[in-house]
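1. Please work out how this folds:
(one chain, ligands or ions: 1)
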Amino acid sequence: MQIETTPLPGVLRITPQRFGDHRGYFAETYSARKLAEAGVETVFVQDNHSLSRRTATLRGLHFQAPPWAQAKLVRCGRGALFDVAVDIRRGSPTWGRWYGAELTEANGVQLLIPAGFAHGFVSRAPDTEIVYKCSSPYAPETEGALLWNDPDIGIDWGLGGAEPVLSEKDAAAPPLARFESPFGWRDAA
Ligand SMILES: Cc1cn([C@H]2C[C@H](O)[C@@H](COP(=O)(O)OP(=O)(O)O[C@H]3O[C@H](C)C(=O)[C@H](O)[C@H]3O)O2)c(=O)[nH]c1=O
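-> Okay, the predicted model is just below:
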């Protein structure tokens with residue numbers, strides 16, 4: 001399992017080892033022991049799985065506020081997606097900065113996104129399935145959202161001019177300028 005830092009401190013890029021043979025491949029997609037060896041002690045309590053039927057389906061930017069803030073370990077189970085994390089911790093030196101990576105079933109790459117970051121992704125193939133572990137259970141009363149195409153964040157989703165498929169909630173999310181973050185820079189997750 002390769003665990004690498006990214007240009008956005010706190011967000012990690014994880015690539016599990018794949019053992020290929022004539023049948024296909026095997027990979028440990030989550031290992032508490034290997035993450036702990038790399039200093040990652042996050043305890044996950046819920047697995048999520050969503051299917052996005054159409055290419056350019058965009059879900060995000062979402063988070064849950066404390067005390068139900070969620071760190072996420074994200075991977076693509078089928079198809080391809082571009083996964084994005086945005087630092088929304090007030091006072092953080094990287095406030096409002098984003099990092100994205102292409103996660104595909106073929107590359108097996110994962111992102112570990114700490115609590116205090118908003119998360120979103122856009123599908124890059126039909127019938128794309130995202131699978132991710134969360135460090136807190138679903139708490140809808142603490143859910144928040146940030147506008148996916150806020151120019152002050154400036155995410156390049158790689159849409160190539162395609163109109164994204166959005167939920168009503170996501171289309172109406174506030175931009176950073178009108179956003180009250182529940183996260184402080186040094187808040188515990
Ligand atoms: C997130 C969640 C949702 N639900 C139910 C609530 C709705 O009836 C239905 C769809 O929920 P939603 O439209 O919020 O799903 P997404 O737009 O994919 O939201 C997720 O997308 C971004 C990328 C995330 O990182 C979050 O996990 C989450 O916000 O699933 C649950 O029952 N449990 C849950 O943990």
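2. Residue 51 versus the residue positioned nearest the centre of the chain, what's the distance?
-> Nearest to the mean C-alpha position of the chain, counting by Cα atoms, centre = their mean, stands residue 119 at 4.3 Å. To residue 51, residue 119 is 17 Å away according to Cβ to Cβ, to the nearest Å. Yep, even glycine has a C-beta here, placed from its N, CA and C like the rest.
3. Any stretches of this structure with poor pLDDT?
-> Counting by pLDDT under 70, the chain shows low-confidence ranges at 187-189.
4. Run through the residues of the protein sitting next to the ligand.
-> 48, 50, 59-60, 62, 119-121, 138, 167 (Cβ under 6 Å from any ligand atom).
5. For the residue nearest to the centre of the chain, what are phi and psi?
-> phi -130, psi 140 (degrees, to the nearest 10).
6. swap in residue 148?
-> The phi/psi pair for residue 148 (degrees, to the nearest 10) is phi -60, psi -30.
7. Might you report the residue contacts of it?
-> 58, 60-61, 120, 155, 157, 164, 166, 170, 173 (Cβ atoms under 8 Å, 6 or more residues apart in numbering).
8. Mind doing that once more with 10 Å?
-> 58-62, 84, 86, 118, 120, 122, 155, 157, 164, 166, 170-171, 173, 175 (Cβ atoms under 10 Å, 6 or more residues apart in numbering).
9. ok, now residue 167?
-> So, once contact is read as Cβ under 10 Å, 6+ apart, residue 167 ends up touching 57-60, 145, 173.
10. List the beta-bridge partners for residue 99.
-> Note on residue 99: beta-bridge partners residue 85, judged by DSSP bridges.
11. That one: neighbour count?
-> Neighbours of residue 99 under the rule other Cβ atoms under 10 Å: 21.
12. quick one: it from the ligand, how far?
-> Using Cβ to the nearest ligand atom, to the nearest Å, residue 99 is found at 15 Å from the ligand.
13. you'd agree the residue nearest to the centre of the chain is up against residue 113?
-> Yes: Residue 119 is within contact range of residue 113, at 5.4 Å (criterion: Cβ atoms under 10 Å).
14. Now the common contact residues for these two.
-> Residues touching both residue 119 and residue 113 (Cβ under 10 Å, 6+ apart): 63, 70-72, 74, 83-86, 132.
15. would CSV of these with neighbour count be doable?
-> Below are those laid out as CSV (neighbours: other Cβ atoms under 10 Å):
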residue, neighbour count
63, 26
70, 30
71, 21
72, 25
74, 23
83, 25
84, 27
85, 28
86, 28
132, 24
